[in-house]
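missing the sequence, but the structure's below:
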């Protein structure tokens, strides 16, 4: 007999299917039979989980003289139970489980515990394999150097260091939400990897907090994340009546603030999607606004020009703003100061602007596609002499005037660069400065007071 209450408790607490438990008990008893009799091929074990009963049937062949007690029974003994049996018939003997002895019964108990533990681990593995990509809530039990261990019932979840939000502090016993990232079955049992740093965790938080995202009215197009610091989320409304950014922010910023708190005060930029690259990139670079934006759609690159004093904001702490904007838009974005950009563009010298070069001569050169000093100086002499109206002496005069203009321009640019660099931080310097001193950190705080301003900025960008 098996205690039915114990069976029900195992099924309930261990989440083990009754039929599977019956198979385990059956295998264990067949193993005991093999240990006791040496062969279990002529035995049947029937486990009735509803009644809590185990029935063991031993099939023997009826013979006159017994040579193999495990497989044969004498006709006289068989007829004591069933008088109509003849030689060669099969006799079924009912075996009482208590006949196995204390040692084998204890062994059976140990095997049952081991098998239940195995099944329990497999059940946990299967459960969390189905939960990959979902958010679950558990309690922190262990905090180690390389990982934090979270428990949900009997399941142990591992939050590795690289999946943690930098700077986040953990306390034993604290409830925590994590994303199930992976589940693998190892030698000692299931290893369930969870994350709080994965961009998918941010997406799922938005789905939980914003009903419009959950029902697909608002769609998340792209996410770029620097865990614990800043994230950029591009959203698009599939309903003209619904404002995608407003839906994500919520009334008085209630929705976005709930997500920000969950992410250890990580700042989140919500960007309204646009099919036009120029608009999308401009929005993605917020809080900085480019003065000029040059886009190469074929190469997926963009050059963003900012006012000199806005470059540190555009690049962001440790270069994160420009990097996140690049990730979220799919464009490789380079940021440059306005003064540097104007110096670069001013390096081009058009022939018509050069003093001492006659209108007649520069028009001759324009007629063959030579419009700048660089184009002229890069063209071989023999090619220039093929131009109608330009001979050896004329060409020498033109080249002399142009070379003098180029040298003069170089001197002027060098002086201008020195003046422009005084007191202005370059892109690389802004990154280094951010690593050393965490410059402009206050500018990136996402407080409740700033949400109104954030919404106003978003409306301006949309317009």
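That came through fine. Small disclaimer: the values here were computed from a predicted structure and weren't measured.

please make it C-alpha for all contacts and neighbour counts, starting now.
Noted.

which residue comes closest to residue 93 once chain neighbours are left out?
Spatial nearest neighbour of residue 93, chain neighbours left out: residue 58 (4.9 Å); criterion: CA to CA, 6 or more residues apart in numbering.

and the one you found, what does it touch?
Residues in contact with residue 58 (CA atoms under 8 Å, 6 or more residues apart in numbering) are 42, 43, 44, 92, 93, 94, 95.

which residues touch stretch 180-200?
118, 121-122, 124-125, 128-129, 131-136, 156-160, 162-165, 177-179, 201, 223-225, 227-228, 263.

ok, back up a step: which members of the contacts of residue 58 are classed as buried?
43, 44, 92 (16 or more other CA atoms under 10 Å).

can you put the contacts of residue 58 in CSV and add distance to residue 310?
Converted to CSV, the contacts of residue 58 look like this (distance: CA to CA, whole Å):
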residue, distance to residue 310
42, 87
43, 85
44, 83
92, 93
93, 93
94, 90
95, 89
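
just curious, which of those residues is nearest to residue 299?
Ranked by distance to residue 299 (CA to CA), those are led by residue 44 at 72.9 Å.

which residues in the stretch 51-200 of the chain form strands?
For the stretch 51-200 of the chain, applying DSSP state E, counting those that start in this stretch gives strands covering 53-63, 72-74, 90-95, 135-143, 147-152, 155-160, 175-186, 189-195.

closest one to residue 242 among the ones you listed?
Residue 242 lies closest, by CA to CA, to one member of these: strand 135-143, at 26.5 Å.

tilt between the closest one and strand 175-186?
Counting by axes from the mean of the first three to the mean of the last three CA atoms, to 10 degrees, strand 135-143 lies at 80 degrees to strand 175-186.

going forward, begin numbering at 599 instead of 1
Yep, numbering from 599; the last one is strand 733-741 now.

helices or strands next to strand 733-741 in the packing?
strand 745-750, strand 773-784 (3 or more CA pairs under 8 Å, 6 or more residues apart in numbering; DSSP states H and E).

what comes up buried for the shortest one?
Just to be clear, that refers to strand 745-750. Using 16+ other CA under 10 Å as the test for burial, strand 745-750 gives 745, 746, 747, 748, 749.

what does stretch 883-891 rub up against?
With CA under 8 Å, 6+ apart as the criterion, stretch 883-891 contacts 867, 876, 880, 900-905, 908-909, 911-912, 919-920, 923, 936.

could you list which of those residues belong to strands?
In strands, defined here by DSSP state E, the members of the contacts of stretch 883-891 are 867, 900, 901, 902, 903, 904.

do you know how far the fourth one is from residue 932?
Meaning residue 902. Counting by CA to CA, to the nearest Å, the separation of residue 902 from residue 932 is 6 Å.

who has more neighbours out of these two?
More neighbours surround residue 902 than the other of residue 902 and residue 932, with 24 against 17 (other CA atoms under 10 Å).

ok, the more buried one - contacts?
888, 889, 890, 891, 892, 931, 932, 933, 934.

which one of these is nearest residue 830?
Checking the contacts of residue 902 against residue 830 with CA to CA, the nearest one is residue 931 at 14.9 Å.

contact partners of the helix or strand containing that closest one?
Using DSSP states H and E, residue 931 sits within strand 930-935. For strand 930-935, contacts defined as CA under 8 Å, 6+ apart pick out 898-906, 909, 912-913, 920-921, 923-924, 1024-1025.

let me know the pLDDT of residue 929.
Listed pLDDT for residue 929 reads 93.

can you redo the helices and strands packed on strand 733-741 as a markdown table with mean pLDDT and distance to residue 851?
What follows is the helices and strands packed on strand 733-741, written out as a markdown table (pLDDT from 0 to 100; distance: least, CA to CA, whole Å):
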| stretch | mean pLDDT | distance to residue 851 |
| --- | --- | --- |
| strand 745-750 | 95 | 31 |
| strand 773-784 | 94 | 21 |
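
now the ones you listed in JSON lines, with distance to residue 795?
What follows is the helices and strands packed on strand 733-741, written out as JSON lines (distance: least, CA to CA, whole Å):
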{"stretch": "strand 745-750", "distance to residue 795": "13"}
{"stretch": "strand 773-784", "distance to residue 795": "9"}
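
how about those, which one is nearest residue 1003?
Among the helices and strands packed on strand 733-741, the nearest to residue 1003 by CA to CA is strand 773-784 (63.5 Å).

got the buried residues for that closest one?
Buried residues in strand 773-784, counted by 16+ other CA under 10 Å: 774, 775, 776, 777, 778, 779, 780, 781.

these into a markdown table, with extra columns for distance to residue 852?
Output for the buried residues of strand 773-784, formatted as a markdown table (distance: CA to CA, whole Å):
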| residue | distance to residue 852 |
| --- | --- |
| 774 | 20 |
| 775 | 19 |
| 776 | 21 |
| 777 | 22 |
| 778 | 26 |
| 779 | 28 |
| 780 | 31 |
| 781 | 34 |
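
which of the buried residues of strand 745-750 lies closest to residue 663?
Among the buried residues of strand 745-750, and counting by CA to CA, the member closest to residue 663 is residue 749, at 63.3 Å.

measure that closest one to residue 724 for me?
16 Å.

same question, residue 897
Relative to residue 724, residue 897 is positioned 45 Å away (CA to CA).

tell me which of these two has more neighbours.
Set residue 897 next to residue 724 and count neighbours by other CA under 10 Å: residue 724 wins out with 15 against 9.

contacts only, for that one.
Residue 724 makes no contacts at all, as judged by CA under 8 Å, 6+ apart.

just give the number of residues close to residue 685.
Neighbour count of residue 685, defined by other CA under 10 Å: 14.

got phi/psi on it?
Main-chain dihedrals, residue 685, degrees, to the nearest 10: phi -60, psi 130.

list the residues that contact residue 755.
Applying CA under 8 Å, 6+ apart, the residues contacting residue 755 are 747, 748, 749, 789, 790, 791, 792.

what sits opposite the fifth one in the beta ladder?
It refers to residue 790. residue 755, residue 781 (DSSP bridges).

now swap in the first one and tell me
Taking DSSP bridges, one obtains residue 740, residue 756 as the residues bridged to residue 747.
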